[in-house]
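Engineer: Need coordinates for the below:
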Amino acid sequence: MSKIKPRYLVLATAIMLSFILPGCQESPSNAVVIGKNDGKFEENIMISAPDSQASSVTTGTELSEIFYSTDNSVEFNVDIVDTPQCPNMPVLEVAPHYLTGDEAKRVAYTLFGDVTFWEWQHWSDESLSKEEIQSKVSRWSEFTSQEAIDALWGTNQVDSVPVVKKFIEEYTEKLSTAQNQNNKVPCQWTFRKAPFYLFSTAEATQYQSDKEDDMLKATTNVSGIPFTLQFGTRNQNDYKANYIRVYIDSDSPLGIDKRYFTAQLCRTEKPTPEQVEKILSQTVEVLDDLGLGTWTVDKCEIVKKFYGDIAEYMIDVRAVPMLNGIPTIYQAPISNLTADDVYASNYQMSSIQIQFSPNGQLIYFSMDSPVDIEETINSNVAVIPTDELLDLAKTNLMLSTFSQYDIGAQISPSSQNIICKVTISKVTYALARIRKPNTDTSYYYIPALTIYGDAGFYNKATGDFYFSNDDLTLLSLNAVDGSIVNSTNS
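Structural biologist: Here you go, the predicted structure:
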């Protein structure tokens with residue numbers, strides 16, 4: 001019954017390997033270096049390891065350990081199940097894959113099948129048919145009471161009813177001049193400069209756009225649900241970009257259409273294992289058919305979110321590139337793509353995120369930064385022994401403070417009554433991306449040891465629990481030279 005293609009999942013499981021942190025050691029005084037720029041890395045990646053490198057690591061058993069940061073603000077609890085063997089690993093040089101109109105068209109039909117796609121229109125230029133206007137007005141009319149709007153969002157939406165009524169009034173007026181057919185143009189699958197989509201037709205011509213992203217936007221309607229598809233590509237000196245966003249979208253008061261359709265799809269019972277398996281199978285087929293490199297699922301989870309007392313369920317799937325049959329680690333998005341550091345990335349990290357309703361309806365799709373392999377620099381690079389990498393990892397973790405795990409800065413860094421308890425639940429050995437030194441057009445994928453965990457924050461004196469940040473990437477080390485794989489560009 002299942003169409004899951006196990007080759008990707010088996011490879012990901014086999015290569016995303018776990019290790020145990022070493023035993024107690026003296027308190028460190030020096031941090032691990034971020035992105036060494038002494039020329040040694042370029043030399044080291046040309047050194048090959050003996051073929052027996054992978055078999056030199058013994059398989060471990062379940063172990064645990066507790067250690068503390070040097071300022072005693074963080075307690076680390078190691079809880080790793082096993083330590084499988086380390087595979088031989090390559091160093092690969094990659095370059096951005098720049099999206100084309102034909103590829104955008106293929107992605108669109110892969111996601112939605114044989115439907116009609118239209119050129120996106122700015123709301124000020126949009127001309128709707130009478131039927132489309134009547135459908136909007138009818139839908140919005142359900143939310144002309146405060147009670148109905150609050151039930152949709154789960155919170156009190158202050159001053160929202162007048163906004164909805166105003167939209168209904170304006171669209172009702174449009175009915176008098178609306179045609180029976182709309183004036184939509186079939187999508188031409190042509191990239192244009194961003195101002196074409198950001199402003200009305202009259203305004204767009206006033207903007208200098210040579211340095212702007214190239215974009216392509218289309219719309220479609222699936223089972224009455226309006227979707228926008230946005231494709232972007234950028235090849236400028238400051239930074240590079242290739243991205244895809246697909247989302248529920250329609251001009252509406254307070255964004256009510258997106259909230260309405262999402263609630264319709266996701267206010268269901270908790271998805272069953274069979275539903276999750278079906279969606280995972282569906283995802284693997286989509287990843288195969290996109291034609292933008294090889295991707296493998298690295299995370300699939302049920303997301304439950306409350307709107308007031310009402311639960312909504314989504315199935316969230318994440319994928320990462322698979323290069324030469326080896327999975328890469330998930331590297332979080334970078335907010336600053338114009339940093340000056342020699343190893344700072346000017347190309348967003350590569351990943352795919354897909355959200356489905358429990359019945360398998362696509363709700364959201366995003367892709368960032370597909371890449372092409374330019375060259376295999378070394379098919380079996382010599383790496384630092386695992387025990388030394390783990391010593392370096394522990395050294396760096398001991399030098400951290402609780403504020404590094406306080407995502408969103410909810411607690412003052414100077415607070416003295418906080419203890420952060422970090423559970424290290426997973427350590428993987430896979431490929432991670434860094435920028436190739438002295439170029440803004442190429443990047444390396446290198447072997448990396450990456451540590452993951454959950455962080456809980458407590459009152460140091462009473463033990464009272466405050467909040468937690470889960471599934472954090474705590475640290476990633478370049479296995480070739482031991483430097484930190486910088487995840488922030490800071």
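Engineer: In contact with Tyr313, which residues are there?
Structural biologist: For Tyr313, the contact set (CB atoms under 8 Å, 6 or more residues apart in numbering) comprises Cys266, Thr268, Glu269, Lys270, Pro271, Ile302, Val303, Lys304, Ser357, Pro358. Quick note: C-beta positions are derived from backbone N, CA and C, even for glycine.
Engineer: Thought Met314 was touching the first one, still the case?
Structural biologist: Think Cys266. Yes: in this structure, Cys266 is within contact of Met314 by CB atoms under 8 Å, at 5.7 Å.
Engineer: list residues touching both of the two?
Structural biologist: Residues touching both Cys266 and Met314 by CB under 8 Å, 6+ apart: Ser357, Pro358, Ile363.
Engineer: Out of those residues, which is nearest to Gln181?
Structural biologist: Ile363 (29.1 Å; CB to CB).
Engineer: how about that closest one, phi and psi?
Structural biologist: Ile363 has phi and psi values of phi -110, psi -40 when expressed as degrees, to the nearest 10.
Engineer: Could you tell me how many residues sit around the closest residue to it other than its chain neighbours?
Structural biologist: Once flanking residues are discounted, Ile363 sits nearest to Gln355: 4.5 Å by CB to CB, 6 or more residues apart in numbering. Taking other CB atoms under 10 Å as the criterion, the count of residues near Gln355 is 18.
Engineer: How about the one 4 residues further on?
Structural biologist: A count of nearby residues for Asn359, using other CB under 10 Å, gives 13.
Engineer: follow-up on the earlier one: same question for the helix or strand the residue nearest to Ile363 falls within: list its buried residues.
Structural biologist: Gln355 is part of strand 351-356, with elements assigned from DSSP states H and E. Applying a neighbour-count criterion of 16 or more other CB atoms under 10 Å, one finds Ser351, Ile352, Ile354, Gln355, Phe356 buried in strand 351-356.
Engineer: higher neighbour count, Cys266 and Met314?
Structural biologist: Shown here are Cys266 and Met314; by other CB under 10 Å, Cys266 has more neighbours (25 against 20).
Engineer: Looking at the shared contacts of Cys266 and Met314, spot the one nearest Arg318.
Structural biologist: For the shared contacts of Cys266 and Met314, with Arg318 as the reference and CB to CB as the criterion, the closest is Ile363, at 14.4 Å.
Engineer: Find the nearest non-adjacent residue to Gln275, please.
Structural biologist: Pro358 (5.5 Å).
Engineer: do you know how far the one you found is from Cys266?
Structural biologist: For Pro358, the distance to Cys266 (CB to CB, to the nearest Å) stands at 7 Å.
Engineer: shared neighbours of these two, anything?
Structural biologist: Residues touching both Pro358 and Cys266 (CB under 8 Å, 6+ apart) are Tyr313, Met314.
Engineer: pLDDT weak spots in the chain?
Structural biologist: Within the chain, the ranges that satisfy pLDDT under 70 run 1-38, 52-63, 82-86, 208, 342-343, 488-490.
Engineer: surely Leu475 meets Ile484?
Structural biologist: Yes: at 6.9 Å, Leu475 and Ile484 qualify as touching, with contact defined as CB under 8 Å.
Engineer: which residues are common contacts for those two?
Structural biologist: Common contact partners of Leu475 and Ile484 (CB under 8 Å, 6+ apart): Asn396.
Engineer: of the two, who's got more company?
Structural biologist: Set Leu475 next to Ile484 and count neighbours by other CB under 10 Å: Leu475 wins out with 24 against 20.
Engineer: in the sheet, who's paired with that one?
Structural biologist: Note on Leu475: beta-bridge partners by DSSP bridges are Ile451.
Engineer: burial measure for Thr462, as a count.
Structural biologist: For Thr462, the tally of surrounding residues (other CB under 10 Å) stands at 8.
Engineer: Quick one: classify it as helix, strand or coil.
Structural biologist: The three-state label given to Thr462 by DSSP: H, G, I helix; E, B strand; the rest coil is coil.
Engineer: Likewise for the one 5 residues further on?
Structural biologist: Remark: Phe467 carries the secondary structure label strand [criterion: three-state DSSP].
Engineer: gap between the residue nearest to it when sequence neighbours are not counted and Thr473?
Structural biologist: Spatial nearest neighbour of Phe467, excluding adjacent residues (CB to CB, 6+ apart): Phe457 at 5.7 Å. Going from Phe457 to Thr473 by CB to CB gives 18 Å.
Engineer: Name the residue in the two with the higher neighbour count.
Structural biologist: Phe457 (20 against 16).
Engineer: mind listing what's buried in the helix or strand harbouring the more buried one?
Structural biologist: Assessed by DSSP H and E, Phe457 sits inside strand 443-459. Applying a neighbour-count criterion of 16+ other CB under 10 Å, one finds 443-458 buried in strand 443-459.
Engineer: Report all helices and strands that the helix or strand containing Lys299 contacts.
Structural biologist: Here Lys299, judged by DSSP H and E, is contained in strand 295-307. Contact here means 3 or more CB pairs under 8 Å, 6 or more residues apart in numbering; DSSP states H and E; on that basis strand 295-307 packs against helix 6-15, helix 273-289, strand 310-323.
Engineer: Save the ones you listed as CSV, and put in distance to Ala49 too.
Structural biologist: Shown next, in CSV, are these (distance: least, CB to CB, whole Å):
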stretch, distance to Ala49
helix 6-15, 16
helix 273-289, 31
strand 310-323, 18
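Engineer: Let me know the secondary structure of Glu392.
Structural biologist: Actually, residue 392 is Leu. It isn't Glu. helix.
Engineer: Distance-wise, check it relative to Ile373.
Structural biologist: 28 Å.
Engineer: between these two, who's got more neighbours?
Structural biologist: A direct count of neighbours by other CB under 10 Å for Leu392 and Ile373 places Leu392 higher, at 21 against 16.
Engineer: Would you point to the one among the helices and strands packed on strand 295-307 that's packed deepest?
Structural biologist: Mean neighbours per residue, mean count of other CB atoms under 10 Å, is largest over these for strand 310-323, with a mean of 20.
Engineer: picking up where we left off before, which positions in the strand holding Lys299 come out as buried?
Structural biologist: Trp295, Thr296, Val297, Asp298, Cys300, Tyr307.
Engineer: with these in mind, which one is nearest to Tyr109?
Structural biologist: Trp295 (17.8 Å).
Engineer: residues near Leu431, how many?
Structural biologist: By other CB under 10 Å, 24 other residues sit near Leu431.
Engineer: For it, give its distance to Met322.
Structural biologist: Between Leu431 and Met322 the computed distance is 9 Å (CB to CB).
Engineer: go on, Ala178?
Structural biologist: According to CB to CB, Ala178 stands 49 Å off from Met322.
Engineer: before we move on, what about Leu280?
Structural biologist: Distance of Leu280 to Met322, given as CB to CB: 16 Å.
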